[in-house]
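Visitor: Quick one, structure for this:
(one chain, ligands or ions: 1)
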Amino acid sequence: MAVPNVKLNNGKQMPLVGFGLWKVNNDTCADQVYNAIKTGYRLFDGACDYGNEKEAGQGVKRAIDEGLVKREELFIVSKLWNSFHDKERVGPICKRQLADWGLEYFDLFIIHFPIALKYVDPSVRYPPGFFIEDNKTIELSKTSLETTYHAMEELYDAGLIRAIGISNYTGALILDVERYAKHLPQTLQIEHHPYLVQQDLIDLCHNRGIAVTAYSSFGPQSFLEMNMQSAQDTPLLMEHDVIKGIAAKHGKTPAQVLLRWSTQRNIAVIPKSNNQTRLAQNLDVCGFEMSEAELKSISALDKDLRFNNPTNYGFPIPIFS
Ligand SMILES: NC(=O)c1ccc[n+]([C@@H]2O[C@H](COP(=O)([O-])OP(=O)(O)OC[C@H]3O[C@@H](n4cnc5c(N)ncnc54)[C@H](OP(=O)(O)O)[C@@H]3O)[C@@H](O)[C@H]2O)c1
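Guide: So this is what the prediction gives:
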């Protein structure tokens, strides 16, 4: 199953399809990563916040040790968590995350959210989540996004990360990054599915040479696992007549149509599955073409409905307001 690459604005190549590691269980993570590599996945989308970087690294190590793949054929992504935005925290936490994975560099390191929280010492709680050390209170740090971005650039210049990403940034923040960046970000990662299209934001990035990666491509599906009310109240995309109709016409599953809707528009996808059959299916999403009319009929399902908003988890940080 050949997966095309996207060329990033620094000349590096990023696979258009990868495997997302959020909610991949610790006890199965190493085997899942190993099996995903066997299945053909080369990009892994991890994060401090997912709490499974050590196990993911064990899966990678096993695959490399067995000669299934070389390190340079993989594209390993991790993210800087909100509690580590202060400039003196960025380097040490990145090095700790690299050690957890057993790697010398990340192919892409992403500012997870445009939210700077007060530092939590990893010996107190790791991953820290949204609360400070008392595990009850949310407190912002005084660090600006510009300061954090420059600390990311230092990691890039030192060769610890080979691309810089931003995530959950809005258009205004992207225009701002452009003002202060020494190295433009290579990628933006955003929630993107037919209920939350954000075409203007995608065009803004594509017009500036910033690649876009979609997360939560199946819309409400992922947030059912989080018992989120708005996900429970929303018809599942995989059961939507428009998606099912197009899937039947192409002999594909609804999940494949949802992923292809992005990849055909040059937007990378990182679906997560804890099931080997679905994991294999999700990689095979670049080999069929939908018509312009079909793509448009999917985009027309837009409801401007966002699930992954801190406020939906009860954290009063309305970054999308
Ligand atoms: N930057 C950010 O803030 C951010 C936020 C959220 C996510 N992400 C990244 O994006 C990745 C993907 O997003 P996500 O985990 O929210 O959700 P997702 O990939 O859209 O959806 C996962 C859900 O869909 C199910 N599923 C997967 N493949 C399927 C298939 N072929 N048919 C039917 N059901 C299928 C999974 O169940 P099974 O596991 O049972 O198959 C799971 O319930 C994450 O893992 C993470 O790496 C980033």
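Visitor: Where does the prediction get shaky in the chain?
Guide: Scanning the chain for pLDDT under 70 picks out the ranges 1.
Visitor: where exactly do the helices run in it?
Guide: Listed in chain order, the helices of the chain (DSSP state H) span 26-39, 53-65, 87-101, 145-157, 171-180, 199-207, 221-224, 229-232, 241-250, 254-263, 276-283, 292-299.
Visitor: residues from the stretch 51-200 of the chain in reach of the ligand?
Guide: Applying Cβ under 6 Å from any ligand atom, we find that the stretch 51-200 of the chain lies next to the ligand at 112, 167, 168, 189. (Each C-beta comes from the backbone N, C-alpha and C, glycine too.)
Visitor: If we ignore the residues flanking it in sequence, what's nearest the first one?
Guide: The shortest distance from residue 112 to any non-neighbouring residue, by Cβ to Cβ, 6 or more residues apart in numbering, is to residue 79 (4.0 Å).
Visitor: could I get stretch 115-135 in CSV with only the CA atoms?
Guide: What follows is stretch 115-135, C-alpha atoms only, in CSV (Å, rounded to 0.1, in the frame of the first residue of the first chain):
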residue,chain,number,x,y,z
ILE,A,115,-2.3,27.6,25.8
ALA,A,116,0.6,28.2,28.2
LEU,A,117,-0.1,26.6,31.6
LYS,A,118,2.0,26.9,34.8
TYR,A,119,4.8,24.3,34.9
VAL,A,120,4.3,21.0,36.6
ASP,A,121,7.4,19.1,37.6
PRO,A,122,7.3,15.7,35.8
SER,A,123,8.3,14.0,39.1
VAL,A,124,5.0,15.3,40.6
ARG,A,125,2.7,14.2,37.7
TYR,A,126,3.4,13.1,34.2
PRO,A,127,1.7,13.7,31.9
PRO,A,128,0.3,16.6,33.8
GLY,A,129,-2.9,17.4,32.0
PHE,A,130,-4.5,20.8,32.6
PHE,A,131,-4.1,21.2,36.3
ILE,A,132,-1.2,22.6,38.3
GLU,A,133,0.6,20.5,41.0
ASP,A,134,-2.4,20.4,43.3
ASN,A,135,-4.2,18.4,40.6
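Visitor: quick revisit: select, out of the helices of the chain, the one closest to residue 311.
Guide: Residue 311 lies closest to helix 229-232 among the helices of the chain, at 10.7 Å (Cβ to Cβ).
Visitor: Minimum distance to the ligand, which residue of this protein gives it?
Guide: Of the residues in the chain, the one nearest the ligand is residue 20, at a distance of 2.4 Å by Cβ to the nearest ligand atom.
Visitor: circling back: save the helices of the chain as CSV, and put in mean neighbour count too.
Guide: Listed next are these as CSV, based on neighbours: other Cβ atoms under 10 Å:
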stretch, mean neighbour count
helix 26-39, 18
helix 53-65, 20
helix 87-101, 18
helix 145-157, 18
helix 171-180, 14
helix 199-207, 14
helix 221-224, 19
helix 229-232, 13
helix 241-250, 16
helix 254-263, 25
helix 276-283, 17
helix 292-299, 14
